[in-house]
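S.K.: Prediction below, plus the sequence it came from.
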Amino acid sequence: GNAEQPSPTTSDFKSIKNALNTDNGQSPTPSRQPILGSSGPMLPLDFFTENVNPPAIVFSPPQADGRVDDIRQLAACLCLLRSSHSLNDVLEPTARNWIQDVENDSDEQERLKALATDVVKEYVRDELKDAKVIEVACLAPVLEKDDFRCLLRQLFTGIDQSDLLDVPQLQGLADLIRGADPDYLDSDDLVKILELFSARLTNTHIQSTSYVYQLTIAISHVLDAMADTK
């Protein structure tokens, strides 16, 4: 018979959470009943039900001509190809069919990877970074190591050389670190980034509290990455 596919793991979901939307709003609200006749909090009837099916992952594959609509769709495609077997049970039929087709088409797989590389190169060339960095950072889980390192250096340099705190680049670097393969980062990278963020935090005491908040979030992501780096 067919080998049983492994169940989706927390890491599988973590790697695609910035690229895919989980449809939690389509199921009817479960009926509720009082607990021991109390008029207090209610629990759904299926609260302790075992083996409840996980929510389906909503994914729109590229169009018939292969055109990818945007960066997030590209990230979703590459993430699904990496996690296809473990996520098989929670994918909609359209997504499963798309994955089966592309897994048998090495040229299409390479085309999608090349698109991700082209996105990074275009971002590096573009002098007006603005909020595009946040979109590019969602590719972090699926970038090849060289592309990831290129984007990491670009964001670090952009923040380091800016006289004013660049919030989009700050958020982009934080998102890039959060989504990175731990093998793509080393301790020296993270120490330098932490020093940069800490210096910025020290110098923003008279600025908007939103800057301090963004820096604090960014620092927390660096500390999380440090904990994951061997």
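M.R.: Ah, there it is.

S.K.: Show me the strands in this structure, by range?
M.R.: In the chain, the strands defined using DSSP state E lie at 21-22, 32-33, 43-44, 57-58.

S.K.: Count residues in the vicinity of D181, would you?
M.R.: Counted by other Cβ atoms under 10 Å, the residues lying close to D181 total 14. Backbone N, C-alpha and C define where each C-beta goes, glycine included.

S.K.: Distance-wise, check it relative to A174.
M.R.: Remark: distance between D181 and A174 (Cβ to Cβ, to the nearest Å) = 16 Å.

S.K.: Can you pull out the low-pLDDT segments for this structure?
M.R.: Low-confidence segments of the chain, defined by pLDDT under 70, are located at 1-58, 64, 84-86, 204-208, 229-230.

S.K.: hmm, try it at 50
M.R.: Within the chain, the ranges that satisfy pLDDT under 50 run 1-3, 5, 7-10, 13, 16-18, 20-38.

S.K.: can you give me the helices in it?
M.R.: 10-16, 71-83, 93-103, 106-125, 132-137, 145-161, 167-179, 187-202, 209-228 (DSSP state H).

S.K.: Packed most tightly, which of those helices would that be?
M.R.: Burial of those is given as mean neighbour count (mean count of other Cβ atoms under 10 Å); helix 167-179 ranks first at a mean of 23.

S.K.: So what touches that one?
M.R.: Contacts with helix 167-179, where a contact means Cβ atoms under 8 Å, 6 or more residues apart in numbering, come from 15, 18, 129-134, 136-138, 140-141, 148, 151-152, 155-156, 158-159, 162, 185, 190, 193, 197, 200, 210-211, 214-215, 217-218, 221-222, 224-225.

S.K.: Next, the angle helix 145-161 makes with that helix.
M.R.: Interaxial angle, helix 167-179 versus helix 145-161 (axes from the mean of the first three to the mean of the last three Cα atoms, to 10 degrees): 140 degrees.

S.K.: C-alpha coordinates for helix 167-179, PDB please?
M.R.: Provided in PDB are the C-alpha atoms of helix 167-179 (Å, rounded to 0.1, in the frame of the first residue of the first chain):
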ATOM      1  CA  VAL A 167      11.600  51.700   9.800                       C
ATOM      2  CA  PRO A 168      10.800  49.600   6.700                       C
ATOM      3  CA  GLN A 169      14.400  48.400   6.500                       C
ATOM      4  CA  LEU A 170      14.400  47.700  10.200                       C
ATOM      5  CA  GLN A 171      11.200  45.700  10.000                       C
ATOM      6  CA  GLY A 172      12.500  44.000   6.800                       C
ATOM      7  CA  LEU A 173      15.700  42.900   8.500                       C
ATOM      8  CA  ALA A 174      13.800  41.700  11.600                       C
ATOM      9  CA  ASP A 175      11.500  39.600   9.400                       C
ATOM     10  CA  LEU A 176      14.400  38.300   7.400                       C
ATOM     11  CA  ILE A 177      16.100  37.000  10.600                       C
ATOM     12  CA  ARG A 178      12.900  35.600  11.900                       C
ATOM     13  CA  GLY A 179      12.300  33.500   8.700                       C
END
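
S.K.: For A218, which residues are in contact?
M.R.: The contact partners of A218, taken as Cβ under 8 Å, 6+ apart, are 170-171, 173-174, 197.
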